[in-house]
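Q: The sequence and its predicted three-dimensional model are supplied below.
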Amino acid sequence: MSNQAHWNHVYQNKAPDAVSWFRPQLNTSLDLIRACTLPTNAHIADVGGGASTLVDDLLAQGFTQLSVADISAHALVHSQKRLGEAASTVRWIEGNATTCLFESGSVDLWHDRAVFHFLTDTNDRAQYLSALRQSLKPNAYVILATFGPNGPDKCSGLPIQKYDADALFEQLGEGFTRIDQRTEIHTTPWESTQEFTYILVQFQA
């Protein structure tokens, strides 16, 4: 089964709040976004954000240029239905994060909670990071979150790569300045816990 088929199957057969990574609000992400003090017309790209509620909160805060990208069209549909008429103000992109999904130099803030840790292949990580760099404006911000060292070895039946903050920052390579880092203990819908690592960086290249 391809990655796209896998994730479409997940979102066809499970409600968005019935998957392990679901949170009713992405509080850590929202805190880090607030720390960036972006204007409301900044282009925020939520990569792998298909059924996430982050877009709801950003719309409520007045942001007007929001893009949500996901490999699963079914995940995107969940958010579109949830938002109703407000969905028309968001750009929805079906695609793989290892390809360029945004115009070159167009993104003010790239947010990824739990896509990068699925990239266990070196070439996939390189392609993702190339697409990220190409998409960012000078001085843009990146929020990257993955399972931490004490997180699970698999998610949704797939192997993952775990990172602490130093290892995650190292993956980005030259041209980034680290601003903040967080460890979050996420509680799943069935009351188990998962460790997440977050970093906030700024692109200087």
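A: Looks like it came in fine. All figures in this text were calculated on a predicted structure; none of them were measured in a lab. Numbering: from 1, shown residues only.

Q: contacts and neighbour counts: CA atoms only from here.
A: Noted.

Q: Tell me which other helices or strands the helix or strand of the chain at the bottom of the mean pLDDT ranking touches.
A: Scoring the helices and strands of the chain by mean pLDDT, DSSP states H and E places helix 3-13 at the bottom, with a mean of 79. When contacts are defined as 3 or more C-alpha pairs under 8 Å, 6 or more residues apart in numbering; DSSP states H and E, helix 3-13 packs onto helix 73-83.

Q: Next SSE downstream of the helix it packs on?
A: Sequence-wise, the next helix or strand downstream of helix 73-83 (DSSP states H and E) is strand 91-94.

Q: Show me which positions of that next one end up buried.
A: 92-94 (16 or more other C-alpha atoms under 10 Å).

Q: Quick check: of the residues you listed, which lies closest to residue 84?
A: Nearest to residue 84 among the buried residues of strand 91-94: residue 92, at 13.6 Å, using C-alpha to C-alpha.

Q: so the residue lying closest to the closest one once chain neighbours are set aside is in which element?
A: Distance criterion C-alpha to C-alpha, 6 or more residues apart in numbering; nearest residue to residue 92, sequence neighbours excluded, is residue 68 at 5.1 Å. Per DSSP H and E: residue 68 is located in strand 65-70.

Q: distance between that strand and the chain's centre?
A: Taking C-alpha atoms, centre = their mean, to the nearest Å, the mean C-alpha location of strand 65-70 is offset from the chain mean by 10 Å.

Q: Burial check on residue 133, number of neighbours?
A: Using other C-alpha atoms under 10 Å, residue 133 is surrounded by 20 other residues.

Q: Which strands and helices lie in contact with the host helix or strand of residue 33?
A: Secondary structure from DSSP H and E places residue 33 in helix 27-35. Under the contact definition 3+ C-alpha pairs under 8 Å, 6+ apart, helix 27-35 sits against strand 176-187.

Q: Would you mind listing the residues in contact with the closest residue to residue 131 other than its chain neighbours?
A: Excluding the flanking residues, the one nearest residue 131 by C-alpha to C-alpha, 6+ apart is residue 100, at 4.9 Å. By C-alpha atoms under 8 Å, 6 or more residues apart in numbering, residue 100 lies in contact with 131-132, 134-135.

Q: Check the closest residue to residue 161 other than its chain neighbours and give its pLDDT.
A: Closest residue in space to residue 161, ignoring its immediate chain neighbours: residue 117 at 4.9 Å, by C-alpha to C-alpha, 6+ apart. Model confidence at residue 117, given as pLDDT, is 97.

Q: quick check, residue 117 in a helix?
A: Yes. Assigned with DSSP: H, G, I helix; E, B strand; the rest coil, residue 117 falls within a helix.

Q: circling back: so can I have a markdown table of the buried residues of strand 91-94 showing distance to residue 61 and pLDDT?
A: Conversion of the buried residues of strand 91-94 to a markdown table gives the following (distance: C-alpha to C-alpha, whole Å; pLDDT from 0 to 100):
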| residue | distance to residue 61 | pLDDT |
| --- | --- | --- |
| 92 | 19 | 98 |
| 93 | 22 | 98 |
| 94 | 25 | 96 |
